[in-house]
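Colleague: Structure of the sequence below:
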Amino acid sequence: MASQTLTIRRPDDWHVHLRDGEMLARVAPYTARQFARAIVMPNLVPPITTVEAARDYRKRILEVTDPGFTPLMTCYLTDDIEPDEIARGFSETVWIAAKLYPAGATTNSAAGVTDIRNLYPAFARMEKIGMVLCVHGEVTDPDVDVFDREAVFIDRILSRLVRDFPGLKIVLEHITTKDAAEFVAATGPMIAATVTPQHLIINRNAIFAGGLRPHFYCLPVAKREQHRLAVRKAATSGLANIFLGTDSAPHSREAKESSCGCAGIFNAPFALESYATVFEEEGALDKLEAFASINGARFYDLPMNEEQITLERAEVLVPAEMEGIVPFHASETLSWRFVD
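Modeller: Next up, the predicted model:
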């Protein structure tokens, strides 16, 4: 008989959007409930490009979460970001990584990078000081099909970055393709990837099942079934350079169900239940702890959490709406439950 509980080190979320203001207060406690630490994305309006802005944002997060939760801040890279400012924030332990958004790639990325070569001085400094680069891996060339943008980014940009900065640690965020899974597996220990629950569970058909389904729309967009299966295989394989990053990205129901619905899936409330379901289906529950609690900490040179959490086999009905947001798995029943 299969065990009815699963106890692992407390996990970390290596990619999350906590928003700001009222939305921050609504959504951040869900991430803090399940995770000890989380790498917080800097794509606010205006973006987090200075050490002072990052300090202030971290303070706002701590005001709405429990004392045991640690937000790990990131620097938003722009064309004219100063390497000295990046290094100062890192040396003062204000931010743990810098985030590359190609301009226009996703929500609040208008201030992102227009030409990767503009950032070469910043990358050189980050390589020297050992600071991680987190990458939204999509090109924004309108001539490239939206479903091919990740693969083209790897071919045109990421391969060149790996060659030009062999000592730079790079995380390819929220991978969605066979191309990305194979690249990360083959490229070695300086390159890692995060994987979301939705990209393990849905393919692009979900967006169009019975009509346009905006609550399954995120960026990078879900791909063909062959890509979902490849990412699923990589995530559950035990590879040390692939780890958990929810990319939980909340938007109000009204913002999603509008004439131009926002990209993003709010998966934070039941993230661990989602991952556990996938790992069990793949016969890999014994690999969940490394994926969720060990690999990311080692890549970022941080200590692993000593505290433990437990998941138990129990049916959990996901609400249709939470805090005015439609969550991932809305109105579905999951077979694992996070034990508070």
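Colleague: Output the helix or strand Glu85 falls within as CSV, restricted to C-alpha atoms.
Modeller: Of the helices and strands defined by DSSP states H and E, Glu85 is found in helix 83-91. Output for helix 83-91, consisting of C-alpha atoms alone and laid out as CSV, is shown next (Å, rounded to 0.1, in the frame of the first residue of the first chain):
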residue,chain,number,x,y,z
PRO,A,83,27.1,47.3,-13.4
ASP,A,84,28.2,49.1,-10.2
GLU,A,85,24.6,49.3,-9.0
ILE,A,86,24.1,45.6,-9.7
ALA,A,87,27.3,44.7,-7.8
ARG,A,88,26.4,47.0,-4.9
GLY,A,89,23.0,45.4,-4.4
PHE,A,90,24.6,42.0,-4.5
SER,A,91,27.4,42.8,-2.1
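Colleague: and that helix, which residues are buried?
Modeller: For helix 83-91, burial by neighbour count (16 or more other Cβ atoms under 10 Å) applies to 83, 86-87, 89-90. For every residue, glycine as well, the C-beta is placed using N, CA and C.
Colleague: I'd like these as CSV, with pLDDT and distance to Ser3 appended.
Modeller: CSV is the format used below for the buried residues of helix 83-91 (pLDDT from 0 to 100; distance: Cβ to Cβ, whole Å):
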residue, pLDDT, distance to Ser3
Pro83, 97, 50
Ile86, 97, 46
Ala87, 98, 47
Gly89, 98, 44
Phe90, 98, 42
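Colleague: any chance of those in JSON lines, plus distance to Val339?
Modeller: Listed next are these as JSON lines, based on distance: Cβ to Cβ, whole Å:
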{"residue": "Pro83", "distance to Val339": "45"}
{"residue": "Ile86", "distance to Val339": "40"}
{"residue": "Ala87", "distance to Val339": "42"}
{"residue": "Gly89", "distance to Val339": "37"}
{"residue": "Phe90", "distance to Val339": "36"}
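Colleague: What's the mean pLDDT across stretch 224-237?
Modeller: This predicted structure assigns stretch 224-237 an average pLDDT of 98.
Colleague: Quick one: distance of the helix holding Glu85 to the chain centre.
Modeller: 23 Å (Cα atoms, centre = their mean, to the nearest Å).
Colleague: what's the following helix or strand after that helix?
Modeller: Elements were assigned by DSSP H and E; along the chain past helix 83-91, the next helix or strand is strand 95-100.
Colleague: mind listing what's buried in that following strand?
Modeller: Taking 16+ other Cβ under 10 Å as the neighbour-count basis, strand 95-100 is seen to contain the buried residues 95-100.
Colleague: Which of those residues sits closest to Ala268?
Modeller: The shortest distance between Ala268 and any of the buried residues of strand 95-100, using Cβ to Cβ, involves Lys99 and amounts to 18.7 Å.
Colleague: In contact with the closest one, which residues are there?
Modeller: Shown in contact with Lys99 (Cβ atoms under 8 Å, 6 or more residues apart in numbering): 41-43, 74-77, 134-136.
Colleague: Nearest to Ser159 among those?
Modeller: Nearest to Ser159 among these: Val135, at 12.2 Å, using Cβ to Cβ.
Colleague: any idea how far the closest residue to that closest one other than its chain neighbours is from Ile170?
Modeller: Taking Cβ to Cβ, 6 or more residues apart in numbering, and ignoring the residues beside it in sequence, Val135 has Leu100 as its nearest neighbour in space, at 4.8 Å. As judged by Cβ to Cβ, to the nearest Å, Leu100 and Ile170 stand 9 Å apart.
Colleague: joint contacts of these two?
Modeller: Between them, Leu100 and Ile170 share the contacting residues 133-135, judged by Cβ under 8 Å, 6+ apart.
Colleague: most neighbours, which of those?
Modeller: Cys134 (27 neighbours; other Cβ atoms under 10 Å).
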